[in-house]
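Enquirer: Fold the following and give me the result.
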Amino acid sequence: MKKFINRNKEREFLAKEYSKNTASFVVIYGRRRIGKTSLLKEFIKDKKALFFLATEESENENRNEFKRVAADYINNPILADANIDNWEQLFKYLVEYNFGERKLIIIDEFQYIGKSNSAFISVMQKIWDNILSKENIMLILCGSLVNMMYSQTLSYDSPLYGRRTGQIKMQQIPFKYYNEFFENFSEKQLIENYAVTGGVPKYIESLEPYDDIYDAIKNCVMSKESYLYEEPNFLLEKEVQDIGSYFSIIKIIASGKEKPSEIASALEIKSTNLPKYLNVLIDLDILEREVPATENNSEKSKMGLYKIKDNYIKFWFKFIYPYRSYVEMDNIDFVMDKIKKGFVANHVAFVYEDICRKEYMNNLVANNTWDFVPTKIGRWWDRSNTEIDIVAVDENSNNIIFGECKYTNDKMNVDVYYNLIEKTEKVNWNKSNRNEHFVFFSFNGYTEKMKKLAEEKGNIILY
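Expert: Numbering: from 1, shown residues only. So this is what the prediction gives:
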């Protein structure tokens, strides 16, 4: 990518931590290819920093390489050849170099050292407590194995627990920044590209050379030599042991079975055995649990559904995984034909709904479209399979917003409004005493009848 995009909050936080005159200890973690290292490189581009990338080699090999990097940092070639067999001595050298000067030390892929020697985490705790915490220093530990980084640095059981002064869990870049990657793209191109890549910078970078989404899919995803072709395998194999079970769960959810009972039944396991798998996938930002927006106690709600949160994982399990045998036999055109027939209706349309709920609705609220602020924005459904794309409630008043989203080639007509009215009758939230508002999102605009209806009603917003 030609320029560094977004991550403003993360950069501001790191700058604030760096500006301190006391010890600072920050943990940065998140899935692979999410942009952690790029953030760090952007942060240190105008600073003198010790940047060390750990590897899956032994702790001894990592320590020797760290010693070499430290020697370059303090411009002391003698240190590079010194016989030092403990981490404490290395950090003492770093602290004593230009004593009192603000120092910036970064260990990327930190989890690999702890993986090779679990005692290393306790060693780092002693180094922080006895050496670094008393100095004018900023320490950043960064890693991409989410579960391992959490257990090593953030969990209550970790020796490093309570030492950090801050943490950043890197998330995908929101759609609202997507046009900065593809400045000449139409809204249609942006949405369809986002439906494949989500907000993962590395995926976005891979698709950048292609104007047509199907050319991008064919060259970047369908190619057996492309990293994206095997990406879901690679993401999970580093994080979980029983990768087959996790693949089965994601495949079942991608097929439309989102209820825990449906998932357990398809797996032929007890429902009580399911949460441990689902919770791991949620921690990895692959799944998310949703409940109807009107539920009072979301944690205890029995209406919870599990959705694939990651657009690329969702796309891959819908369109690549079921046809891998054809791809392996180089029947690419056959698979591309399947993708073209179902891509918009079975995938992009649902991603568009997510964009409307999570971004366009926030835009409307931020622009004071209504004289109240919704405390919950989400979907709504009941046990009879009635669904409403958007329901937003203000729990401090009796205001409720109902909405529908359409990503089609047709302009939205008044029938969508009247169908929605029928469905709202099934929503019991403050039914006897509520102020109803309506919002519609239509990619290809609205008919004159719909525009006139919105004008007459006064409680309809056409985005």
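
Enquirer: Could you check stretch 450-463 and say which residues are buried?
Expert: 450-451, 453-454, 460, 462 (16 or more other CB atoms under 10 Å). C-beta here means a position set from N, CA and C on the backbone, and glycine is covered the same way.

Enquirer: Could you report the neighbour count for Ile249?
Expert: Residues near Ile249, counting by other CB atoms under 10 Å, number 24.

Enquirer: Tell me the predicted confidence for it.
Expert: Reported pLDDT at Ile249 in the predicted model: 95.

Enquirer: which ones are touching Phe441?
Expert: Contacts here follow CB atoms under 8 Å, 6 or more residues apart in numbering; on that basis Phe441 touches 352, 356, 360, 390, 403-406, 463.

Enquirer: quick one: it from Thr153, how far?
Expert: Phe441 sits 41 Å away from Thr153, going by CB to CB, to the nearest Å.

Enquirer: The contacts of Phe441 in helices, which ones?
Expert: The subset of the contacts of Phe441 located in helices under the criterion DSSP state H comprises Tyr352.

Enquirer: okay, how far is it across stretch 340-359, tip to tip?
Expert: Criterion CA to CA, to the nearest Å; first-to-last residue distance in stretch 340-359 is 27 Å.

Enquirer: Return the distance of that stretch from the chain's centre.
Expert: 17 Å (CA atoms, centre = their mean, to the nearest Å).

Enquirer: Report the rounded mean pLDDT for it.
Expert: Averaging pLDDT along stretch 340-359 yields 96.

Enquirer: Can you show me the strands along the stretch 51-200 of the chain?
Expert: Under the criterion DSSP state E, counting those that start in this stretch, strands of the stretch 51-200 of the chain are mapped to 103-108, 137-143, 166-169.

Enquirer: ditto for the stretch 251-400 of the chain
Expert: With DSSP E, counting those that start in this stretch applied, the stretch 251-400 of the chain shows strands at 287-290, 305-308, 376-381, 387-393, 399-406, listed in chain order.

Enquirer: How far does stretch 19-29 stretch from one end to the other?
Expert: Using CA to CA, the span of stretch 19-29 from its first residue to its last is 22 Å.

Enquirer: buried set for that stretch?
Expert: Under the neighbour-count criterion of 16+ other CB under 10 Å, stretch 19-29 has 23-29 buried.

Enquirer: Switch the residues you listed over to a markdown table, and while doing so, append secondary structure, distance to Ile44 and pLDDT to every line.
Expert: Formatted as a markdown table, these follow (DSSP: H, G, I helix; E, B strand; the rest coil; distance: CB to CB, whole Å; pLDDT from 0 to 100):
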| residue | secondary structure | distance to Ile44 | pLDDT |
| --- | --- | --- | --- |
| Ala23 | coil | 18 | 96 |
| Ser24 | strand | 14 | 96 |
| Phe25 | strand | 16 | 97 |
| Val26 | strand | 13 | 97 |
| Val27 | strand | 17 | 96 |
| Ile28 | strand | 13 | 95 |
| Tyr29 | strand | 18 | 93 |
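
Enquirer: what's the most distant pair in the residues you listed?
Expert: Distance extremes for the buried residues of stretch 19-29: the farthest pair is Ala23 and Tyr29 at 20.1 Å, using CB to CB.

Enquirer: Going by residue numbers, what spans are helices in the stretch 1-150 of the chain?
Expert: 8-18, 36-44, 59-73, 77-81, 87-96, 111-116, 120-130, 146-149 (DSSP state H, counting those that start in this stretch).

Enquirer: rewinding a little: closest one of the buried residues of stretch 450-463 to His437?
Expert: Ile460 (7.9 Å).

Enquirer: What sits closest to the closest one if chain neighbours are left out?
Expert: Counting by CB to CB, 6 or more residues apart in numbering, Ala454 is the residue found nearest to Ile460 once chain neighbours are left out, at 3.9 Å.

Enquirer: pretty sure that neighbour contacts Tyr463?
Expert: No. The criterion here is CB atoms under 8 Å, and Ala454 misses it with Tyr463 at 10.9 Å.

Enquirer: returning to what we had before: select only the buried ones of the contacts of Phe441 in ChimeraX?
Expert: The buried residues among the contacts of Phe441 can be selected in ChimeraX (16+ other CB under 10 Å) with this line:
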select :352,356,360,390,403,404,405,406
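
Enquirer: Going by distance to Leu278, which of the contacts of Phe441 wins?
Expert: Taking CB to CB as the measure, Leu278 sits nearest to Ile390 out of the contacts of Phe441, at 24.8 Å.

Enquirer: I'd say the closest one and Val439 touch.
Expert: Yes. In this structure, Ile390 is within contact of Val439 by CB under 8 Å, at 6.7 Å.

Enquirer: Next, show the common contact partners of these two.
Expert: Between them, Ile390 and Val439 share the contacting residues 361, 401-403, judged by CB under 8 Å, 6+ apart.

Enquirer: for Met450, what are its contacts?
Expert: Going by CB under 8 Å, 6+ apart, the list of residues near Met450 reads 411-414, 416-417, 440, 462.

Enquirer: Going through those residues, which ones are buried?
Expert: Applying a neighbour-count criterion of 16+ other CB under 10 Å, the buried members of these are 411-413, 416-417, 440, 462.

Enquirer: where along the stretch 301-450 of the chain do the helices fall?
Expert: Using DSSP H, counting those that start in this stretch, helices in the stretch 301-450 of the chain cover 311-315, 324-328, 332-343, 349-355, 361-366, 414-424, 448-457.

Enquirer: Go through those and name the closest to Asn296.
Expert: With distances scored as CB to CB, the stretch of the helices of the stretch 301-450 of the chain nearest to Asn296 is helix 414-424 (18.7 Å).

Enquirer: by how many degrees do the closest one and helix 448-457 diverge?
Expert: Going by axes from the mean of the first three to the mean of the last three CA atoms, to 10 degrees, helix 414-424 is angled at 50 degrees with respect to helix 448-457.
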